[in-house]
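Novice: Mind folding the following:
(chains A and B)
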Number of protein chains: 2
Amino acid sequence: MSIADTPATYPIPPLPRGWRMAAVHAGIKRNASREDVTLVASDRPATAAGVYTTNLVFAAPVALDRSRTPGTGFRGVIINSGNANACTGARGLDDAKQMAALAGRELGALGEQMLVLSTGIIGEFLPMATVEKGIKAAAVALSGDERAALMAARGMMTTDTRPKMAGGTFTADGVACTVFGMAKGAAMIGPKLATMLGVVVTDAAIDPADAQRLLAAAAEETFNCVSVDGHMSTNDTVLLLANGAAGGPQLRGADLEAFGRTLHAVCEFLAREMADDGEGATHVMRIEVTGAASRDAARQIARTIADSPLVKTAVHGADPNWGRIVSAAGYSGITLDPTQVLLRVNGTLLFEAGSPVPFVADAVSDSIKNHRETLIELVVGGGPGRIRFFSSDLTADYVHLNADYHT
Amino acid sequence: MSIADTPATYPIPPLPRGWRMAAVHAGIKRNASREDVTLVASDRPATAAGVYTTNLVFAAPVALDRSRTPGTGFRGVIINSGNANACTGARGLDDAKQMAALAGRELGALGEQMLVLSTGIIGEFLPMATVEKGIKAAAVALSGDERAALMAARGMMTTDTRPKMAGGTFTADGVACTVFGMAKGAAMIGPKLATMLGVVVTDAAIDPADAQRLLAAAAEETFNCVSVDGHMSTNDTVLLLANGAAGGPQLRGADLEAFGRTLHAVCEFLAREMADDGEGATHVMRIEVTGAASRDAARQIARTIADSPLVKTAVHGADPNWGRIVSAAGYSGITLDPTQVLLRVNGTLLFEAGSPVPFVADAVSDSIKNHRETLIELVVGGGPGRIRFFSSDLTADYVHLNADYHT
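Specialist: From the prediction side, this is the model:
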């Protein structure tokens, strides 16, 4: 098995102390060069928190993890790709529990001390003999080195074109602590190749309630501000595990805040990576809405722009078609006064006070064409609500990938 | 100019008595074989009603018509394509009023007796000299024959691939009355090539309040149940004009109901045509949601399925990927219990009681592949709310059309 075909595009961040990982190809995916079982293990009990899809049709591992977090005493996460274990009823929930039990046994822990993530095809039962084989192989391969981290990030992938990792450090009470995060992409924000998955581990010691609060806050400003196709999956999950192996006391006050900032940065990097690696994407769209009545209002406007196929295709075509952006804001459901709206694309003013502004279309088109990121800045009034939202453009490749995948 | 290149795909319905139409190429569109100014004229004052986009960013003609309907004394509608007269501020509103005045003068009427529709590029001022030339030429060409009706339907088009017309008759108090409708497509449900436009004319005599009520009801069940890309335009308008030329009394009771049924059928035909002619579409999706708590709940579920790029691409790929449909229902924002959900695609049961049902995937795939229409039937519970919703699939051609249009 070669890892050269999907290299990380940036330095692999180090794993925090007390954490080991491994990923193997067990056979859930047909392609033998694609890892499909990933084990994340802590050498001591860890605090865990989680945020989950709000889709009412949610997968078995979501049901399991949601019932267990926030909490303490966790020894790791067992992850499979290639099968989402979603829409699989009672048998699916039994399978998820069995995955936890099998992985726990390898770590000398109880099933209840494990969390479970699945991503891939919806509506098919997990091949449990294959999963079990993979868990045993992964347990043998556990390692704390950077290759293990890269393999683990690869092992979560479905149609991602590259693994996504982020790291950071902070100092708490004089002790250096490390945060490592990995995710698979919003490109699969769909029920079929479900899902957006994220795992963040740290060697800091954190109270479960604090972990839950900080994870929810970070996700709100990062993963909840990304959309590739607006299709929310059955499996979306982000887990945070903190094992305290750095040796410091449980984080409080300024230390907790320092961790929160690092967590936020890790999640933000991963979120942007997901938009950037959206299926078929040639551009990542950074949409900054300001002046809304509230943050939620800003988000709804940004999401409407992000999900408009006409905006997405305009960016793909390097077309400074401001009318598509302004009118998307107009139908977002949020009240706004068009005469108060101002729009810039890649820094050039295109629309102000309800009227178009003369601009050099070729120059703006070139700036879109020549940069991977397109910046859309929309001022919608004088309110305090603002948000930064990431999305990707819509290309013929997205259509091909999703029209041709299953059959 | 040849009309052979975009023929009607069905017999052209006759115009009601007292109505004449014409369309000419004035030069708003560059392509000289494309009509861009259309005049619809009644030989006597008519009742008019209108339904309009709810986009807060709306075009000048929307502002004008909304202020004038429902009402009486109207002599016709002046329509241009190639320019939406949207985001054009006070000058745009003046231009719309001037269009009405110019058209009215040709008919011996006041500007206030005319309604105005525009569709095309957003954010550019109308070339009023060209528009005036077109209005004069159209007035000379006015005719009540079927070629005039076809030309008028063509004159509204932007990226529609074919004109869309529908007709019907009913008897009121022993008098035969005729309804004629034409529309341009939801393919342009965007700010750039705005918009969905519809004009329905009849020779029945109808009170303005009745006309408004029946038009709103028909639109609610037809045009409001269509989505191509979910992007609501700045110009969406449907007008109903009734001139009483058939000679009967103002419709009441059962006669009014008979008209309402005919109006509904005309609007439904046009709505389905718009979905069928969606940009790049290879399939029209008929989504029937039943068992919801209310009609609005059913609509929200249907619209979420209709607008999911993953569902649209699955249909394009003839992929019976039920997970995409069920999970779209799951994130629509409407509460539902997955164990109560049942899904059929083209008549084959795929999902029931929270679990997949064994089915022959190739047979369902073939049924999608071999039919222009894909029927998605979703039962979401035991409630009374139901809706039928039309949409189109998402293809690489849609991306090409919208990425490459402007620049």
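Novice: CA atoms for contacts and neighbours, from now on please.
Specialist: OK.
Novice: what residues go with each domain of chain A?
Specialist: According to the domain assignment given by automatic domain parsing, chain A is divided into the following structural domains: A:19-276, A:284-403.
Novice: Any chance of CSV for those domains, columns distance to chain B?
Specialist: Formatted as CSV, the entries for those read as follows, by distance: least, C-alpha to the nearest C-alpha, whole Å:
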stretch, distance to chain B
domain A:19-276, 5
domain A:284-403, 4
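Novice: Can you redo those domains as a markdown table, where the extra columns are mean neighbour count?
Specialist: Formatted as a markdown table, the entries for the domains of chain A read as follows, by neighbours: other C-alpha atoms under 10 Å in any protein chain shown:
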| stretch | mean neighbour count |
| --- | --- |
| domain A:19-276 | 23 |
| domain A:284-403 | 22 |
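Novice: could I get the ones you listed as CSV with mean pLDDT?
Specialist: As requested, the domains of chain A are arranged in CSV below (pLDDT from 0 to 100):
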stretch, mean pLDDT
domain A:19-276, 91
domain A:284-403, 90
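Novice: I'd like to know which of the ones you listed lies nearest to B:Ala396.
Specialist: For the domains of chain A, distance to B:Ala396 was read as C-alpha to C-alpha. The smallest value, 4.5 Å, belongs to domain A:284-403.
Novice: and the closest one, how far out from the chain's middle?
Specialist: Taking C-alpha atoms, centre = their mean, to the nearest Å, the mean C-alpha location of domain A:284-403 is offset from the chain mean by 22 Å.
Novice: can you tell me the distance between the two ends of it?
Specialist: Between the opening and closing residues of domain A:284-403 we find a distance of 22 Å, counting by C-alpha to C-alpha, to the nearest Å.
Novice: Please apply the same query to stretch A:246-257.
Specialist: Using C-alpha to C-alpha, the end-to-end distance of stretch A:246-257 comes out at 17 Å.
Novice: returning to that earlier point: pipe the domains of chain A into CSV and attach distance to B:Ile135 per row.
Specialist: Compiled in CSV, the domains of chain A are given as follows (distance: least, C-alpha to C-alpha, whole Å):
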stretch, distance to B:Ile135
domain A:19-276, 43
domain A:284-403, 27
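Novice: so which of those gets nearest B:Val238?
Specialist: Per C-alpha to C-alpha, nearest to B:Val238 of these: domain A:284-403, 18.1 Å.
Novice: rewinding a little: relative to B:Gly330, which of the domains of chain A is closest?
Specialist: Comparing the domains of chain A by their distance to B:Gly330 (C-alpha to C-alpha), the top pick is domain A:19-276, with 4.8 Å.
Novice: show me where the stretch 1-150 of chain A has helices.
Specialist: Counting by DSSP state H, counting those that start in this stretch, residue ranges of the helices within the stretch 1-150 of chain A are A:60-68, A:89-106, A:128-141, A:146-155.
Novice: Show the subsequent helix or strand relative to the helix or strand hosting A:Ser367.
Specialist: Using DSSP states H and E, the element containing A:Ser367 is helix A:361-369. Next along the chain after helix A:361-369, taking DSSP H and E as the criterion, comes strand A:373-379.
Novice: for the longest helix along chain A, packing partners?
Specialist: Using DSSP state H to define each element, chain A has its longest helix at helix A:253-276. Counting contacts by 3 or more C-alpha pairs under 8 Å, 6 or more residues apart in numbering or on different chains; DSSP states H and E, helix A:253-276 packs against strand A:164-172, strand A:175-184, helix A:208-221, strand A:226-227, strand A:284-292, strand A:385-392.
Novice: Could you dump the ones you listed into CSV with distance to B:Gly383 added?
Specialist: What follows is the helices and strands packed on helix A:253-276, written out as CSV (distance: least, C-alpha to C-alpha, whole Å):
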stretch, distance to B:Gly383
strand A:164-172, 44
strand A:175-184, 38
helix A:208-221, 34
strand A:226-227, 32
strand A:284-292, 37
strand A:385-392, 36
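Novice: Ok, which of these comes nearest A:Val341?
Specialist: With C-alpha to C-alpha as the measure, strand A:284-292 is the member of the helices and strands packed on helix A:253-276 nearest A:Val341 (9.2 Å).
Novice: Relative to the closest one, what are the paired strands and their orientations?
Specialist: Partner strands for strand A:284-292, per DSSP bridges, with pairing direction: strand A:373-379 (parallel), strand A:385-392 (antiparallel).
Novice: what about the most far-flung residue of chain A relative to its centre, distance to B:Thr47?
Specialist: Among the residues of chain A, the one whose C-alpha is farthest from the average of all C-alpha positions is A:Pro358, by C-alpha atoms, centre = their mean at 38.9 Å. Relative to B:Thr47, A:Pro358 is positioned 41 Å away (criterion: C-alpha to C-alpha).
Novice: Same check on A:Lys312?
Specialist: Applying C-alpha to C-alpha to A:Lys312 and B:Thr47 gives a distance of 42 Å.
Novice: next one: A:Val201
Specialist: Look at A:Val201 and B:Thr47: by C-alpha to C-alpha, they are 69 Å apart.
Novice: How about A:Leu126?
Specialist: Here A:Leu126 is placed at a distance of 64 Å from B:Thr47 (C-alpha to C-alpha).
Novice: my read: A:Cys267 touches A:Thr222, true?
Specialist: Yes. Using C-alpha atoms under 8 Å, A:Cys267 is in contact with A:Thr222, at 6.1 Å.
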